[in-house]
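Engineer: Below are the sequence and a predicted model; questions follow.
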2 protein chains.
Amino acid sequence: MVVGAGFGGLFATKSLRRAEVDVTLINGTAYHLFQPLLYQVATGILSEGEIAPPIREILRRQDNVDVKLGWVRDVDVAARTVAVEAPGIDYTVEYDTLIVAAGASQSYFGNDGFADHAPGMKSIDDALELRARIFGAFELADLQSDPAEADRWMTFVVVGAGPTGVEMAGQIAELAHRTLPGQYKHIDPRRARIILIDALPAVLNTFGDHLSTRALRRLHLLGVEVELETKVVDVDATGIEVETKRGHQRIESMTKMWAAGVAAPPLSRKLAEAAGVETDRAGRIKVNPDCTLPGHPEIFAVGDMFSLNQLPGVAQVAIQSGRYAADQIKRRLAGKEPAKPFKYFDKGSMATISRFSAVASVGKLRVSGFLGWLMWLAVHLLYLVGFKNRVTAVLHWAVSFLGRGRSERVATFQQAYARAAVRAYGDPFERRRADAAAAPSPAAQPTDAAIR
Amino acid sequence: MVVGAGFGGLFATKSLRRAEVDVTLINGTAYHLFQPLLYQVATGILSEGEIAPPIREILRRQDNVDVKLGWVRDVDVAARTVAVEAPGIDYTVEYDTLIVAAGASQSYFGNDGFADHAPGMKSIDDALELRARIFGAFELADLQSDPAEADRWMTFVVVGAGPTGVEMAGQIAELAHRTLPGQYKHIDPRRARIILIDALPAVLNTFGDHLSTRALRRLHLLGVEVELETKVVDVDATGIEVETKRGHQRIESMTKMWAAGVAAPPLSRKLAEAAGVETDRAGRIKVNPDCTLPGHPEIFAVGDMFSLNQLPGVAQVAIQSGRYAADQIKRRLAGKEPAKPFKYFDKGSMATISRFSAVASVGKLRVSGFLGWLMWLAVHLLYLVGFKNRVTAVLHWAVSFLGRGRSERVATFQQAYARAAVRAYGDPFERRRADAAAAPSPAAQPTDAAIR
């Protein structure tokens, strides 16, 4: 069984295509999410469908997979079952071998209340909410008669200067300078302030000094204010409090976003506890060199959920470890020797800063500017090609890169108010249980179905 | 000033392009909605951006327009001002001449509680919620161990057999028979029941006997069960109660949708009362033959909001009456004679039933099948061309019509739970006022700004 259809889980499942196994793939959404392009949904370039193809569509030619919708809430390592929740139904599934690839959640470093005011960048919901907030901010700025109020709506703060934060800041700058000018009567979108904050002394810290400096220069050219060695102390509805080298400071801003940290999901600690294994500070499971849990050769943890050799939480680690776990399983079935310990092959990393400009670090190669951007384009096109969404995505890119338009600017009521509504409504699963207890109805009543 | 950027308000505004006037265009969303294609968003063919281009983008070359986001809550006909609410700000705007084109809302004929279980088809929010419910229903059917429960998830009920209802039913049938088969382990999507209900004795009642019969035959071929002369008595979470010729019946179904009736928005009655004019049973304002309100030559009501010569609530009536109102205003400015009373030129109506098959009624011409579909395609392409969304929309159509795929199948958490969340959270404007009263903060406090 595979838990999670992100990069780790999806590639593990695909690698098992020709194996003599029945794979049950469980995921909380019906789609696989191509997370590296999430910022393009948040800034109106691509539609959500273009970066989130249905899992069933991707795997439609793989007969040995049973795709199931649901959130895995617990693992019973003795009985070898997982407990799953989906809307209106709870069920358990048995496994012989388990690959856990449930990814990572946004981390607010203990300040979860920040999430109400500074959405993260981990899900389609996040991206659509940010899209509604970003485009909505310009609409609302245009309505203000008080200039201070308008400025507050025209100030965008991005926390975290890793690839996601840098890409978000760059895209908002492009919106403000290329897409939106001339469309408002009372504001000049070019006057928008975009502030990128990080606690570290460099942007794109993991890319090395050379590319970091290049990226910083490019961000300055775009008009992004970069505040390094700056810590976020508090976030509220109308602003953000920071601690800089120069002391305490408040930035008035209605639109904040959080791209600063990740943590393992609750399932990670639950599983570790059940299996009697350790987790690291981020809650990731400390695995054996072959990605299995100590004492549990039948359980693999891969991608963002495992802690091994201080590997970073990037797509390539997830893909390679997912494939590695699948390979080990195939070797066991064939009665072969186990493979050598998992070794990550670093294919490099890249980040776009604006159109025609990206930085890429591949082996000893450091590329920036237009050449880096061409590499970025090639890599992302190749990936999308696998999902049949290439043609319209390429067109939307053409519109956005060559023209100045954005095709996907819809901000719906539910997107703009989703977070507030969910906060008021609570976790729908919790709610469902409460509803079922209060007044049982056929739909609301949890069903304990054992599906194999 | 123009209230509403639907077909009526948008075309009125565009007609005033070369006039010596300042137009303020107020709309509750930042986009214009091409409603006739809403069913394609609900069934995964087009993205929301493709049918909902930003108003500012459409009007970017028209300098005499000030676009404002907000809901018009009231009109002071004596002071000639409108009161508007937007998130975090209330404001008033003065007018010399007013064109009211606020469209229509879904009507549940007094049973507003039905809305929780059977979303309407009037907004992008509605379409995205239905998309989440429709694709989610197949996911959840696949999880059920109880066959009766699975059947309930596999039964789709569409109330209302006008163009929207017929198009929805046809598209769900295509999903079930062409797109989804082979993607599930425990259900056969082709076994889905799609039931189309109407109180009248014919589908597409306004298209005449010949096309109605053709459409009915085509729906039967698609496997849609059509229940005519059937009234909805009750709708709940797990089913729908109907009164048929054969007596009372309950249909077990988790997924219901409502395309049965429209009513004028609350603003219509408010304005009529303030101006001392009458409304019809649907709440639409009874206007003079020149679309002005009796006793108020400075106020025009157009499109779905006016009651005149029993004209239907269709896009062409809105477009033509919007243009007519703009034309009257230009004549007044030029000191010309008023134009003759508004006369609707019926360009015909059409509805697609499935790919390659539509019915169209143009003048005395009645066309059905492939030829009707080509006409439908031509008309809708021409319209979209005006909004620059043509290329990707055409590609998405090609994918859907020639292949069997759907590009836009994302069902997000917020979309699936939006209605429940909003019900719990309440109207965000009401909520905001309550919040502001409880604990005033710069963002939550209503600002009374007078913007001219």
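Structural biologist: Right, received. Where do you want to start?
Engineer: Skip the chain neighbours and tell me the closest residue to the residue nearest the centre of chain A.
Structural biologist: Centroid check for chain A by Cα atoms, centre = their mean gives A:K122 as the closest residue, at 2.9 Å. Among residues not flanking A:K122 along the chain, A:Q106 sits closest, at 5.0 Å (Cβ to Cβ, 6 or more residues apart in numbering or on different chains). No exception for glycine: its C-beta is placed from N, CA and C like everyone else's.
Engineer: likewise A:L16?
Structural biologist: Nearest in space to A:L16, with sequence neighbours left out and distances taken as Cβ to Cβ, 6+ apart, is A:A326 at 4.9 Å.
Engineer: got it, and A:N309?
Structural biologist: A:Y344 (7.4 Å).
Engineer: thinking the one you found is in contact with A:Q316, fair?
Structural biologist: Yes - when contacts are counted by Cβ atoms under 8 Å, A:Y344 is listed as touching A:Q316 (7.5 Å).
Engineer: And the residue nearest to the centre of chain A, what's its pLDDT?
Structural biologist: A:K122 carries a pLDDT value of 91.
Engineer: How about A:P428?
Structural biologist: A:P428 carries a pLDDT score of 42 in this model.
Engineer: Then the one 5 residues further on?
Structural biologist: As predicted, A:R433 sits at a pLDDT of 44.
Engineer: Also A:L69?
Structural biologist: 93.
Engineer: got it, and A:H32?
Structural biologist: A:H32 is given a pLDDT of 92.
Engineer: I'd like the average pLDDT over the helix or strand in which the residue nearest to A:L16 is found.
Structural biologist: Assigned by DSSP states H and E, A:A326 belongs to helix A:315-333. Across helix A:315-333, the average pLDDT comes to 96.
Engineer: which secondary structure elements does the helix or strand following that helix contact?
Structural biologist: With elements assigned by DSSP H and E, the helix or strand that comes after helix A:315-333 is strand A:349-354. If you count contacts as 3 or more Cβ pairs under 8 Å, 6 or more residues apart in numbering or on different chains; DSSP states H and E, strand A:349-354 packs onto helix A:163-174, helix A:209-221, strand A:357-362, helix A:370-385.
Engineer: Any idea how far the first one is from the middle of the chain?
Structural biologist: If you compare the mean C-alpha spot of helix A:163-174 with that of the full chain, they lie 15 Å apart, counting by Cα atoms, centre = their mean, to the nearest Å.
Engineer: and it, is it in reach of chain B?
Structural biologist: No - under the criterion of Cβ under 8 Å from any Cβ of the partner chain, chain B is not reached by helix A:163-174; the shortest gap measures 15.6 Å.
Engineer: And for that helix, what's in contact with it?
Structural biologist: Contact with helix A:163-174 is made by A:36, A:38-40, A:42-43, A:45, A:121, A:134, A:156, A:158-159, A:161, A:192, A:194, A:196, A:198, A:203-204, A:215, A:218-219, A:222-224, A:257, A:259-260, A:349-355, as judged by Cβ atoms under 8 Å, 6 or more residues apart in numbering or on different chains.
Engineer: Could you list the contact residues of the stretch 101-250 of chain A toward chain B?
Structural biologist: So the stretch 101-250 of chain A meets chain B at A:123-125, A:128-129, A:135-136, A:139-140, A:142-146, A:149, A:152, A:180, A:182-186, A:237-238 (Cβ under 8 Å from any Cβ).
Engineer: Show the buried residues in those residues.
Structural biologist: Neighbour counting by 16 or more other Cβ atoms under 10 Å in any protein chain shown classes A:123-125, A:128-129, A:135-136, A:139-140, A:142-144, A:149, A:152, A:180, A:183-184, A:238 among these as buried.
Engineer: what's the closest non-adjacent residue to A:E167?
Structural biologist: A:Y39 (4.5 Å).
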